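Trainee: What would the 3D arrangement of this be:
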Amino acid sequence: MAGSGPIKASAVLVNGVRSCVPAVMTTVVFSFFINLLAFTSPLYMLQIYDRVIGSRNETTLLGITLLVGYLLIINALLEMLRSRLMVQASLAVDSKLAGSVFDATHSAGLHFPRLAQGQTLRDLDSVREFIAGPALIALCDLLWMPIFIVTCFFLHPWFGAIALVGSALIFLLTLASELATTGPMSLASKSSIAANQKAVSALRNAEVIHAMGMLDVLRETWIAQHAHVLNLQAIAGTRSGLMAAASKFVRMFLQTMVLGLGAYLAIHNQISAGMIIAASIFVGRALAPVEGVVGNWKGLTNARNSWSRLVKLFAVAGAEPKRVSLPRPVGHLTLEAVTAGPPEQSRSTLRNISFEARPGEVVGIVGPSAAGKSSLARVITGVWRPSSGNVRLDGFDFSHWNPRERGRYIGYLPQDIELFSGTVAQNIARFQEVDSEAVIETARLCGCHEMIQLLPDGYNTAVGEGGATLSGGQRQRIGLARAFFDRPALVVLDEPNASLDQGGEEALVQAVRRFRSFGTTIILITHKISVLTVADKILVLEGGMAQVFGPRHDVLKHLIAPPAPVRAAAG
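Mentor: Next up is the predicted model:
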């Protein structure tokens, strides 16, 4: 089973690309006829020089000119249809893969946070653009290049030799350019992504940068990284320019050689004058597919690299196995000897955690900073996978649930509240189809209905990217309503009162009491003991381990133990 994930994941990509195979095969057939019609111009030149000029027959000239015009119209129509066909094929591939790539990017990002998620989405664009662009069409034309080389041999063996050797030389120069530039360009790409990610991350905290005078230092760091990228790109560009100049020299020299050789053969009566022009065109057509591939080599390499990254992405994300849909849980949460830590790190921030929360219970989790409270929240919500032990919901291990179905039954308010670009109502409804009654009811139960009424457009207020138009307290209260939307079976609140005033804190306590009465199991992580009055049980964490777990009254006595009496000093 372990090896089936990447295989199934690769099958997703293969099936997506397979949807464009009929269009590609049709394009190959169209390319055959387009390349046959490429004989029109050289044959026309042969007739002009070898028949029309000698016979001075205007009727023949008019007839073959009209025929050539008709064939060129057909050629243009085939070219147009071929391009349109490939555009439609690229859209078909995108429609097959877009959702799967988005899901795989999300899944891989959970377990590999350093993954450049924006890049993987751009990789799909690169593959789509390759299918729709001239690079794939050039490859289709390349299949029919032997027709022109054989024709060149038919005109004269020397013409065929020039076409054959020239094609091989241009292709070898392209390979040499690829080998010379791949290393620097790969390093430049990775360095550029890293530098841009670091810059974007820094600029998100523009207020901190401005307030603490950190702009100069961060700018110099980015400039140094940017200069390194430019240096690598300059190295690759210099090498690529050298190879491009060599390829251009070869092409121009070959064209000259064809005309010179043709003149020599005509002087010795081995070919006619018309065959000189025809041979020049045929050799040019023989080299054209290779030149087309060379001209679009960057697109080819980009598509190849993007495809490789997509394959790796799906291998990392794995294929989501089909699971039996489980019934709506009642919220019975059990942790059994759970050990867990951040993805891509060997250290464990939680060790051997076990506790149980029954439906309708509120479990408070307290502890000093770095005790593992937020780590435990991530494990309970399924964001992190335990390295050992089990997390069960209604007796089913989290791995038995379809993540999307399980997510509908869980509410989560993390420490770093992230609202999404949209309206207040959309954020509360988790961007499902907005049920106005359900949204307003949830807001009332969470005590934020009146606050939302005071916003410029009420529930239709746009929150901006990340909730930028709202204050920290407003974001926290809307995030609380989102967590409780649709009365989930299990809700995890991580420091839900961090940005709340006294009124907001009272609304929070009331919301917890209301939803507890509905049977919702609530995990309440907080530093404030005053909020724990609503808890049924309390778990005390320290150093990633459970120190105390039990009923609220018993644990609070342990937490608020009176200080030992101080003896009066002897006189």
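
Trainee: Which residue ranges of this protein form strands?
Mentor: Using DSSP state E, the strands of the chain run over residues 333-340, 350-357, 362-366, 388-393, 396-397, 410-413, 490-494, 521-525, 537-542, 545-551.

Trainee: among the ones you listed, which is nearest residue 379?
Mentor: strand 333-340 (4.9 Å; CB to CB). C-betas here are computed from N, CA, C, even on glycine.

Trainee: Can you dump the C-alpha atoms of the closest one in CSV for me?
Mentor: Output of strand 333-340 as CSV, limited to C-alpha atoms (Å, rounded to 0.1, in the frame of the first residue of the first chain):
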residue,chain,number,x,y,z
LEU,A,333,-12.5,12.7,21.0
THR,A,334,-9.8,10.3,22.1
LEU,A,335,-6.0,10.7,22.0
GLU,A,336,-4.0,7.5,22.7
ALA,A,337,-0.2,8.0,23.4
VAL,A,338,0.2,10.6,20.7
THR,A,339,3.7,11.8,19.8
ALA,A,340,4.0,14.4,17.1
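
Trainee: got the contact list for it?
Mentor: Where contact means CB atoms under 8 Å, 6 or more residues apart in numbering, the residues beyond strand 333-340 that reach it are 348-357, 375, 378-380, 384-393, 395, 490, 521, 523.

Trainee: pLDDT of it, averaged?
Mentor: Averaging pLDDT along strand 333-340 yields 94.

Trainee: Neighbouring strands - and their directions - for that strand?
Mentor: Paired strands of strand 333-340, with direction, are strand 350-357 (antiparallel), strand 388-393 (antiparallel) (DSSP bridges).

Trainee: Turn those into a markdown table, columns for mean pLDDT, distance to residue 416 and mean neighbour count.
Mentor: Below are the strands paired with strand 333-340 laid out as a markdown table (pLDDT from 0 to 100; distance: least, CB to CB, whole Å; neighbours: other CB atoms under 10 Å):
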| stretch | mean pLDDT | distance to residue 416 | mean neighbour count |
| --- | --- | --- | --- |
| strand 350-357 | 94 | 19 | 19 |
| strand 388-393 | 93 | 22 | 18 |
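
Trainee: Now do the domain split for the protein, please.
Mentor: 1-133+306-319, 156-295, 333-559 (automatic domain parsing).

Trainee: Go ahead and measure how far the last one is from the middle of the chain.
Mentor: It refers to domain 333-559. In terms of CA atoms, centre = their mean, to the nearest Å, the centre of domain 333-559 is found 28 Å from the chain centre.

Trainee: hmm, back to that, between the domains of the chain, which gets nearest to residue 139?
Mentor: domain 156-295 (6.4 Å).

Trainee: For the residue nearest to residue 414 when sequence neighbours are not counted, name its beta-bridge partners.
Mentor: Nearest non-adjacent residue to residue 414, counting by CB to CB, 6 or more residues apart in numbering: residue 494, 5.3 Å away. Beta bridges link residue 494 to residue 525 when assigned by DSSP bridges.

Trainee: so how far is residue 524 from residue 494?
Mentor: 9 Å (CB to CB, to the nearest Å).

Trainee: before we move on, the earlier item: could you dump the strands of the chain to CSV with distance to residue 307?
Mentor: Listed next are these as CSV, based on distance: least, CB to CB, whole Å:
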stretch, distance to residue 307
strand 333-340, 34
strand 350-357, 38
strand 362-366, 45
strand 388-393, 36
strand 396-397, 35
strand 410-413, 35
strand 490-494, 39
strand 521-525, 43
strand 537-542, 45
strand 545-551, 46
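
Trainee: which residues sit in contact with residue 351?
Mentor: 339, 544, 545.

Trainee: Show me how to select, in ChimeraX, the buried members of these.
Mentor: Command for ChimeraX that selects the buried part of those, burial taken from 16 or more other CB atoms under 10 Å:
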select :339,544
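
Trainee: between the contacts of residue 351, which is nearest residue 49?
Mentor: Of all the contacts of residue 351, residue 339 has the smallest distance to residue 49: 85.5 Å, by CB to CB.

Trainee: Who does the closest one form a beta bridge with?
Mentor: residue 388.

Trainee: So residue 180 sits against residue 237, correct?
Mentor: No. Residue 180 lies out of contact with residue 237 (CB atoms under 8 Å); the separation is 10.9 Å.

Trainee: residue ranges for the helices of the stretch 351-500 of the chain, please.
Mentor: Along the stretch 351-500 of the chain, counting by DSSP state H, counting those that start in this stretch, helices occupy 373-380, 403-408, 424-428, 436-445, 449-453, 472-484.

Trainee: Contacts for the first one next, please.
Mentor: The one in question is helix 373-380. For helix 373-380, using CB under 8 Å, 6+ apart, the contacting residues are 333, 335, 338, 340-342, 349-350, 353, 365-367, 384, 386, 391, 412, 414-415, 490, 492, 494, 523, 525, 541, 544.

Trainee: how close does residue 409 get to residue 519?
Mentor: 12 Å.

Trainee: hey, what's in contact with both of these two?
Mentor: The contact sets of residue 409 and residue 519 overlap at residue 489 (CB under 8 Å, 6+ apart).

Trainee: so where's the stretch 301-450 of the chain shaky on pLDDT?
Mentor: 318-320 (pLDDT under 70).

Trainee: can we see that at 80?
Mentor: 315-322, 344-346 (pLDDT under 80).

Trainee: Then the stretch 1-150 of the chain?
Mentor: 1-12, 49-51, 54-55, 107-121.

Trainee: where does residue 361 fall, phi/psi-wise?
Mentor: phi -90, psi 150 (degrees, to the nearest 10).

Trainee: Spatially nearest residue to it, not counting backbone neighbours?
Mentor: In space, and not counting its chain neighbours, residue 361 is closest to residue 536: 4.7 Å by CB to CB, 6+ apart.

Trainee: which residues does that neighbour contact?
Mentor: Neighbours of residue 536 in contact, by CB under 8 Å, 6+ apart: 361, 362, 363, 551, 552.

Trainee: Just the buried ones out of these, please.
Mentor: So, by 16+ other CB under 10 Å, the buried ones in the contacts of residue 536 are 361, 362, 363, 552.
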